[in-house]
Structure formats: structure tokens, C-alpha cells
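Colleague: Output the structure for:
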Amino acid sequence: MFAKADSVIASWAYSEGVCSAVLKKLFKFKLIIECLGSDVNALMKKPMHKIQMKWAFKMATSVTTKSYALAKVIKHHAPSITAEVVYNGVDFDTFFLRKTSVFQQPNSHFVFIGSIIPTKGIFELVEGIAALKDELSITLSIIGSGSSQAQLKEKVESFGLQQTIRILGAIPHNQLCKHIQNADALILPSYREGVPNVVMESLSTGTPVIVTKVGGIPEVVQEKTNGVFINALSGEGVKEAILKAKNTEWQSDAIRASISHLTWANTAQHIQ
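Modeller: As a prediction, the model looks like this:
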């Protein structure tokens, strides 16, 4: 297969990018190495992985990233490499514009979609909801799976939030839109991210996001236009961001328009 290829796209710098770079020496195809985030942010801290990835970058025809923030990380570790930023696209037909306005009902409903792991800020999110339960009528749906599911359930129960927070587990991707559109905002209090697909999917429905200012998120989220930033990743910080989102006037069509250029067609054209 590699022997017949004119071009190869290796998603993830390690190990796909490194292996493809070895094969490029044999078969002379054009090679694009796509860096997605954790491959560089985490594995570059391991000396042997770093050596192999830097070598693969030099062998590649082109290196791409999903954000300018990640391109800067690559430049830091491999100064001779200038990565091209190619954002992921959004399926605007699957994630279509919502018909209802946000924060119009007495109960404010939020949704978290992601891995159930500590670095997604899931425990701080529960603490923030707990801090608001006597102040607002509020509910939260948590969608996803991960290694911390049991601890999350214990955390919810310890605050007596079983009626406030629903843990739904993993659901098919084609069902996410209705959960996003049923929410007043998507909330993702991560410690680290690239440019999360779920953030762009939420914005494409006209639903604002409550997020941390990490990775490439500030490249697509603008305060008061399509989202709110969590200034301090803590229960109190989450609470403040939720209140700010609730007290902001949102225009769903403007939220969707803010990322209207991020189509899969444009992504494919950029890669070509």
C-alpha cells in the first residue's frame, strides 16, 4: 500500500508520523504529518519520543497542526519546523442551527461532552454546579466515558446532586446535536485542549460555550460573541462563568456565523 502511494497523511506525530517517515525513505512519497495535540504536548516530554518526532518532522513534506497554539509548541521543540495550521471542519448539516433561544426557560440546562478524566475539569464542574444549586434552577447532562466514571458518580452523590446532574455515558455521535440544542450552553472546563471538535459543533448549532482559555480554544471562541471563558479552573471559577453566560444576550445566528468558514470542504482544500 505504501509502495503505491503518491502521498501519505499520517494523523498523530507519534507513532504514525514516525513510522510513515521511515517508509518515506524507502518509497519516496509525499508525507504530511498531522499533529493533533497530545502527541506533541505530552509525548514531546519523553526524550526518545521527542528525538523520533523531530526526525520525522524533518523527513516530512509538510507538518500540520490544528491550532496556532500547537504550531508554537512544535516551533519551540523543533525550531527548524514551521507547521501549517489546518483547522478541523464542522458538518453544518448534521449540527444545524437551533430553533430556540438560550436561557429563556426558568431552568438553565448545560451539557458536558468529553472524556470522563480529571484533565477535562469534570470534578471542578461538579463543584461549580453544587455552588449554584441553591442560587439557580440548574441541570447538567454529562456525556462521555472514561477512567474516572466511578469517582465522578461518587462526587455527584457526595453533593446530593443526583437529581441535578445526569451521567448519560457515551452516545453515538449523530445524537449529539439534539443534546447540544437542548442545552443553554456547552461547558468544557479542560486543563488542556487543541481545538475541540465538540466546541465547534456546539457553536455551529448556535449554542454558546463555557470553556477554559487553553490550547487553540481562544482561536475560535470570542467572549460575548460565542462563549465565555472560565478565568480560574475551580468550582468558584466555573460558577462565575456560568452566571456570566446566563446574564449575556446571545444571538444564535451570530454564534454559528463566527465559525462558518470552518467547513470540511475548506479543510480538504487546505490539505490539498
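
Colleague: need the contact list for Leu203.
Modeller: By C-beta atoms under 8 Å, 6 or more residues apart in numbering, the contact set of Leu203 is Val90, Val209, Val220, Val221, Asn226, Gly227, Ile255, Arg256, Ser258, Ile259. Backbone N, C-alpha and C define where each C-beta goes, glycine included.

Colleague: could you measure Lys178 against Phe95, distance?
Modeller: Note on Lys178: its distance to Phe95, by C-beta to C-beta, to the nearest Å, is 10 Å.

Colleague: So for the two, which residue has more residues nearby?
Modeller: Taking other C-beta atoms under 10 Å, Lys178 and Phe95 do not tie; Phe95 has more neighbours (23 against 12).

Colleague: So the more buried one: helix, strand or coil?
Modeller: Of the three states, Phe95 takes coil according to DSSP: H, G, I helix; E, B strand; the rest coil.

Colleague: Quickly find the element holding Lys155.
Modeller: Using DSSP states H and E, Lys155 maps to helix 149-158.

Colleague: in the helix or strand just after that helix, what counts as buried?
Modeller: Next helix or strand after helix 149-158 toward the C-terminus (DSSP H and E): strand 165-169. Of all the residues in strand 165-169, those buried under the rule 16 or more other C-beta atoms under 10 Å are Ile165, Ile167.

Colleague: Equivalent analysis for stretch 109-129, please.
Modeller: Neighbour counts over stretch 109-129 (16+ other C-beta under 10 Å) mark 109-114, 116-117, 120-129 as buried.

Colleague: Tell me which of those fall in helices.
Modeller: Ile122, Phe123, Glu124, Leu125, Val126, Glu127, Gly128, Ile129 (DSSP state H).

Colleague: Take these and write them to TSV, including pLDDT and distance to Val199.
Modeller: Listed next are those as TSV, based on pLDDT from 0 to 100; distance: C-beta to C-beta, whole Å:
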residue	pLDDT	distance to Val199
Ile122	97	16
Phe123	97	20
Glu124	98	17
Leu125	98	15
Val126	98	20
Glu127	97	22
Gly128	97	18
Ile129	97	20
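
Colleague: I'd like to know which of the residues you listed is nearest to Lys213.
Modeller: Glu124 (14.6 Å; C-beta to C-beta).

Colleague: I'd say the closest one and Glu236 touch.
Modeller: No: counting by C-beta atoms under 8 Å, Glu236 is not a contact partner of Glu124; they are 9.1 Å apart.

Colleague: Give me the buried positions along the lowest-mean-pLDDT helix or strand in the chain.
Modeller: Ranking every helix and strand in the chain by mean pLDDT, DSSP states H and E puts helix 38-41 at the bottom, with a mean of 84. Neighbour-count burial for helix 38-41 flags Asp39, Val40, Asn41 (criterion: 16+ other C-beta under 10 Å).

Colleague: Identify the residues contacting the most centrally placed residue in the chain.
Modeller: Residue closest to the average C-alpha location in the chain (C-alpha atoms, centre = their mean): Pro196, at 1.6 Å. Counting by C-beta under 8 Å, 6+ apart, Pro196 makes contact with Gly114, Leu188, Ser190, Ile217.

Colleague: just Leu168 next, same as before
Modeller: Ser141, Ile142, Ile143, His179 are the contacts of Leu168 under C-beta under 8 Å, 6+ apart.

Colleague: Most neighbours among those residues, which one is it?
Modeller: Ile142 (23 neighbours).

Colleague: Tell me the secondary structure at that residue.
Modeller: strand.

Colleague: bridging residues for it?
Modeller: On the basis of DSSP bridges, Ile142 is bridged to Phe112, Ile167.

Colleague: now do Ile138
Modeller: Ser108.

Colleague: Looking at it now. What's its pLDDT?
Modeller: pLDDT, Ile138: 96.
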